[in-house]
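Colleague: Fold the following for me, if possible:
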Amino acid sequence: MGNRLSKIYTRTGDTGETGLADGRRVPKSHPRIEAMGELDTLNSQLGLLLADLAQEQGQWPGLAELIEVLGPCQHRLFDLGGELAMPEYQALDEAEISRLEAAIDRWNQELGPLKDFIMPGGSRLIALAHLCRSLARTAERRCQLLNASEPLRPVGLAYLNRLSDLFFVAARLIARRQGCAEILWQAASAPGSANA
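Modeller: A predicted model of the protein is given here:
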C-alpha cells in the first residue's frame, strides 16, 4: 500500500459522496461505507481499551496477556477496512481466526463455565471490553448487510464473529485478573410476587 495521506481534507466529500479505492464514488450512507465506519468505531474503542489495559497492568500484571492478544486485532481490523475499501485487496487469513480461537479456548479454560448472564460492568476495563464486544457485533451486522448485496470474503465475517466472542471472554478474564466480582444479571420480579 504505497499511498500515504499528504492532505487531510479534499472537499470531494462535501456533496455526500466518498471515493473507494477502485475509483467508484458512492453515497456516504452506502452499506460499504457504513460497514467501514463501524470497523473504524470498533478500532477506536479497542484503542481506548488497550490504552487503559497498559495503564493498569502495573497494578495487575496479569493484564499484559490481554494486551498481547488484543493488540494485533487493531491492525487486523484496519486490514479488514482495507478489504472493504479495496474489494480486490485481501489481507485477512484463516490463521488469524485460529489465533483468536486459541486465545478464547485458553482463557475459557482458566475461567470455567459461565452459570449466569453477566452485566457489562464491575470495573472500567470490564465495561470497555463489553463495549468492544457490542461494537464488534454491530460491525458484523453491517458487514452482513453489505454481504447480502455485495458478497464479502467469508474470512472477514468469521473474524468479526470470533472477535466479539474474544471480547466477551476478555471481559471475564479482566474481572478475574483484577479480582473483581462479575455483575450477575438479576431477573425482574414478576408483578404480585413476594419480592415485588
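
Colleague: And stretch 26-34, what's buried?
Modeller: By neighbour count, and taking 16 or more other Cβ atoms under 10 Å as the criterion, the buried residues in stretch 26-34 are His30, Pro31, Arg32, Ile33, Glu34. Yep, even glycine has a C-beta here, placed from its N, CA and C like the rest.

Colleague: And the residues you listed, which is closest to Asn147?
Modeller: In terms of Cβ to Cβ, no member of the buried residues of stretch 26-34 lies closer to Asn147 than Pro31, at 9.0 Å.

Colleague: got the contact list for the closest one?
Modeller: The contact partners of Pro31, taken as Cβ atoms under 8 Å, 6 or more residues apart in numbering, are Arg142, Leu145, Leu146, Ser149, Glu150.

Colleague: Same list, those, but as a markdown table with pLDDT, neighbour count and distance to Leu80 please.
Modeller: Shown next, in a markdown table, are those (pLDDT from 0 to 100; neighbours: other Cβ atoms under 10 Å; distance: Cβ to Cβ, whole Å):
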| residue | pLDDT | neighbour count | distance to Leu80 |
| --- | --- | --- | --- |
| Arg142 | 97 | 22 | 12 |
| Leu145 | 97 | 14 | 15 |
| Leu146 | 96 | 20 | 12 |
| Ser149 | 94 | 9 | 18 |
| Glu150 | 93 | 13 | 15 |
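
Colleague: Which ones among those lie within helices?
Modeller: With helices defined by DSSP state H, the entries of the contacts of Pro31 inside them are Arg142, Leu145, Leu146, Ser149.

Colleague: Next one: the second one from Glu17, what distance?
Modeller: From Leu145 across to Glu17, the span is 19 Å (Cβ to Cβ, to the nearest Å).

Colleague: Closest one to Ala181 out of the contacts of Pro31, please.
Modeller: When these are compared for distance to Ala181 (Cβ to Cβ), Arg142 wins out at 34.0 Å.

Colleague: And the helices in this structure?
Modeller: Remark: helices of the chain, listed N- to C-terminal, are 31-56, 64-85, 94-111, 124-149, 154-178; assignment by DSSP H.

Colleague: Tell me which of those sits nearest to Ser189.
Modeller: Within those, the stretch nearest Ser189 is helix 124-149; the backing value is 25.1 Å (Cβ to Cβ).

Colleague: who does that closest one touch, helix- and strand-wise?
Modeller: With contacts defined as 3 or more Cβ pairs under 8 Å, 6 or more residues apart in numbering; DSSP states H and E, the secondary structure elements packing on helix 124-149 are helix 31-56, helix 154-178.

Colleague: which of those helices sits most buried?
Modeller: Mean neighbours per residue, mean count of other Cβ atoms under 10 Å, is largest over the helices and strands packed on helix 124-149 for helix 154-178, with a mean of 21.
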